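Asks: Predicted model, plus sequence, below.
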Amino acid sequence: MQVDALADRLRFHVYALSDDSMAGRQTGSAEEHKAAQHIIGAFSELKLRPAGERPKTGGSAAEGKGSAAEGKGSAANGMGSTAEGMGSAASGMGTTARGMGTAASEGWKQGFTFTARKEFAPLQKLRIKKSVLVWGKDWHTLPESGGGLIKGRLQDVGYGISAPDLGHDDYAGQPNLTGRIALIRVNSPDGNNPHGKFGPHSLPARKIRLAFEKGAKAVVFYPGSDEDVIPTAKPDRRTQSAELPAVCLSRSAYLELKPATGVPVQLQTGVDALQVTGHNVVAFLDHGAAYTVVVGAHYDHLGDGTWGGTLQRDGSGPAIHNGADDNASGTAGLIELARYFSNANNPAAKAFNYLFMAFSGEELGLLGSAYFAKNPTYPLNQVAAMINLDMIGRLDSQSRSIGVYGVGTSPIWRVRVDSLAGNLKPKTHESGSGSSDHTSFYLQDIPVLHLFTGTHTDYHKPSDDADRINFTGMAEVVNYVVRLIESIPPNEKPVFVRTTDSDRSSAPSFKVTLGIMPDYFYEGRGVRIDGVTPNRPAARSGILKGDLLIELGSYETADMDAYMKALSAFSKGQTTTARVMRGDQILELPVTF
Ligand SMILES: [Zn+2]
């Protein structure tokens, strides 16, 4: 495409998507919807058909087409008035946007529902004897607390640890706890030492589970000394709820009340889970070809940074994160690639069908693309390759360096990536597994490429704005993608190669990694494994994709947090046992880090 004209169109999309009125395109928000409408508006001008839902069969397919066509009409109307229309729509946004949404977004969107956050329930009450305690000051709720209104009497069970092999069992000789509220000291006889011999036993989740098994109906923790550490963390969306309500007294409240066996307690507590539905936008371009190329870009970003992901650390509080580079840039590229392939008449362009996908939920852990990979609206076995555009807006005009990831996922890539680069300088990486949406397709054994102009000081900050984008550079990257796609051999499926991957969970603070890709979508108990990296501890131990990791050594891996904690307890060379559920079988596999 002619670079200047393309750069102008890309500029239009990037400015629209990263405008303050999009409020940072938080997954599941009204502004996510608004950004989706921008994409759908552009798609509906092209020869694309909505592909957000599984195709219907027989007569209903025809009906579906009919309503899609109507949808097209009204979308086109909306499009004409783009600039002004959008401005004036802003006043009556609530009704306007929703009204438009139901008509125009018909069939284009694929919704996915997930737990967006967990928060302490608004009602938190604790009465011990006759004293009503102040929440947040005299006591805290544990992030993993279960919920409910509980009345009962305390029963002191020491540290609440049962570890006969270590010569310590707080439950030995205890009467039955049925109907009682367990009173448990935090930490362990070793003090607050997660790497000590009581390590896993001292974790609150473990103690709560044990109290539950002994019949207790809630747990009140307390700090038995000034050195004891009181758990005051907040729940996040991946926190696994424990079996019982669990709270912890402050040191001063403990000293004042001296709670003991037999003391009456009334407790109301809990953690609320907020469900949110995000939306991918999916469009299909049918060329009647044997195979399909997926082009994807995530269009969600961090909203005002309140719900995580922000790197703004100056204490200035919530601010709109416009995400011009991350990833209005890739979304703009996606739209223009859809326009190009929709209008192209050359045989190389028509050698494939195309699935153009704008993902949401990427910033929360590839949620949208992972959902699509598990619930495809188009058969994945007909997909030849997937090209991901994530952050293509900051091409350095001096170095002209462009990151190309996934080059090892098929033997077709290497020569093409280098020879078709024009005056761009590809910096290639073999791995198909990284922190963006191509990973979800790589895990389905599809050759992938991810194009990325590199990170910068505005990354994940409110200053990632449109005026810092290199639009000419973006146009060059988009043209490079066209050359790459048109060079894929037609009428065959490129060979897929599993790469030696860098582990997503290998944060530098860990001494060891397992070499798994966790399923960030999984909300049950345990860590579901979405992919296993060859030649890493998990793969060597026989852990398979699809397994549910429930324990590592004596650590329960109830959720990602617990899994990370467990990992941090091991060192290189150490051997432990991974307990995994495979189907309804529990397997014990030796793992050497
Ligand atoms: Zn991104």
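Replies: Cool, got the structure. Numbers count the residues shown, from 1 in each chain.
Asks: What segments of the stretch 251-400 of the chain are helices?
Replies: Here the stretch 251-400 of the chain has its helices, by DSSP state H, counting those that start in this stretch, at 251-257, 330-343, 347-350, 367-374.
Asks: Please spell out which residue in this protein sits farthest from the middle.
Replies: Here the chain reaches farthest from its C-alpha mean at Gly173, the gap being 45.9 Å by Cα atoms, centre = their mean.
Asks: which residues touch that residue?
Replies: By Cβ atoms under 8 Å, 6 or more residues apart in numbering, no residues touch Gly173. All C-beta spots, glycine's among them, are computed from the backbone N, C-alpha and C.
Asks: Equivalent analysis for the one 10 residues further on, please.
Replies: By Cβ under 8 Å, 6+ apart, the contact list for Leu183 reads 154-157, 220, 222, 259-261.
Asks: Tell me the secondary structure at the residue farthest from the centre of the chain.
Replies: Three-state assignment for Gly173 (DSSP: H, G, I helix; E, B strand; the rest coil): coil.
Asks: again with the one 4 residues further on
Replies: Of the three states, Leu177 takes coil under three-state DSSP.
Asks: Counting neighbours, what do you get for it?
Replies: 20 (other Cβ atoms under 10 Å).
Asks: Now do the same contact list for it.
Replies: When contacts are counted by Cβ under 8 Å, 6+ apart, Leu177 touches 155, 157, 211, 214-216.
Asks: From those, list just the buried residues.
Replies: 155, 157, 211, 214, 216 (16 or more other Cβ atoms under 10 Å).
Asks: Can you add distance to Ile446 and pLDDT and give those residues back as CSV?
Replies: Listed next are these as CSV, based on distance: Cβ to Cβ, whole Å; pLDDT from 0 to 100:
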residue, distance to Ile446, pLDDT
Gln155, 56, 97
Val157, 53, 97
Ala211, 47, 97
Lys214, 49, 96
Ala216, 49, 97
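Asks: Make CSV from the residues you listed and add secondary structure and distance to the ion to it.
Replies: Converted to CSV, the buried ones among the contacts of Leu177 look like this (DSSP: H, G, I helix; E, B strand; the rest coil; distance: Cβ to the ion, whole Å):
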residue, secondary structure, distance to the ion
Gln155, strand, 51
Val157, coil, 48
Ala211, helix, 43
Lys214, coil, 47
Ala216, coil, 45
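Asks: Pro143 and Glu556, how far apart?
Replies: As judged by Cβ to Cβ, to the nearest Å, Pro143 and Glu556 stand 15 Å apart.
Asks: should've said Gly158
Replies: Applying Cβ to Cβ to Gly158 and Glu556 gives a distance of 20 Å.
Asks: Ile550 now?
Replies: For Ile550, the distance to Glu556 - Cβ to Cβ - is 7 Å.
Asks: The two: which has the busier surroundings?
Replies: Glu556 (22 against 16).
Asks: What parts of the chain come near the ion?
Replies: By Cβ under 5 Å from the ion, the residues of the chain that approach the ion are 326-327, 390.
Asks: Identify the residue of the stretch 351-500 of the chain closest to the ion, quick one.
Replies: Asp390 (4.4 Å; Cβ to the ion).
Asks: For that residue, give its distance to Gly403.
Replies: From Asp390 over to Gly403 (counting by Cβ to Cβ), the distance is 10 Å.
Asks: still on that earlier bit, leaving out the residues flanking it, which one is nearest to the residue of the stretch 351-500 of the chain closest to the ion?
Replies: Using Cβ to Cβ, 6 or more residues apart in numbering and skipping the chain neighbours, the partner closest in space to Asp390 is Ser436 (4.2 Å).
Asks: Just to be sure, that neighbour is in a helix?
Replies: No. Ser436 is assigned coil when assessed by three-state DSSP, not a helix.
Asks: quick one: it from Asn176, how far?
Replies: Taking Cβ to Cβ, one finds Ser436 at 53 Å from Asn176.
Asks: likewise Glu227?
Replies: 32 Å.
Asks: and the nearest residue to Thr576 once chain neighbours are set aside, how many neighbours?
Replies: Nearest non-adjacent residue to Thr576, counting by Cβ to Cβ, 6+ apart: Gly553, 3.9 Å away. The local packing of Gly553 (other Cβ under 10 Å) involves 18 other residues.
Asks: OK, contacts around Gly553?
Replies: Taking Cβ under 8 Å, 6+ apart, one finds 200, 566, 569-570, 576-577 in contact with Gly553.
Asks: cutoff 10 Å now
Replies: 199-200, 566, 569-570, 574-579, 591 (Cβ atoms under 10 Å, 6 or more residues apart in numbering).
Asks: Go through those and say which is closest to the ion.
Replies: Among those, and counting by Cβ to the ion, the member closest to the ion is Ala566, at 28.6 Å.
Asks: Next, the closest one: phi, psi?
Replies: Per-residue torsions, Ala566: phi -60, psi -50 (degrees, to the nearest 10).
Asks: Help me confirm that it comes into contact with Gly526.
Replies: No. Between Ala566 and Gly526 there is no contact under Cβ atoms under 10 Å: 11.8 Å.
Asks: what sits in contact with each of the two?
Replies: With Cβ under 10 Å, 6+ apart as the test, Ala566 and Gly526 both reach 549, 551, 556-558.
Asks: Most neighbours out of those, which is it?
Replies: Thr557 (27 neighbours).
Asks: Let me see the contact set for that residue.
Replies: Thr557 neighbours (Cβ under 10 Å, 6+ apart): 240, 514, 518, 525-527, 548-551, 563-567, 578-580.
Asks: how close does it sit to the ion?
Replies: 28 Å (Cβ to the ion, to the nearest Å).
Asks: how near is that residue to Glu362?
Replies: Thr557 is 25 Å from Glu362, by Cβ to Cβ.
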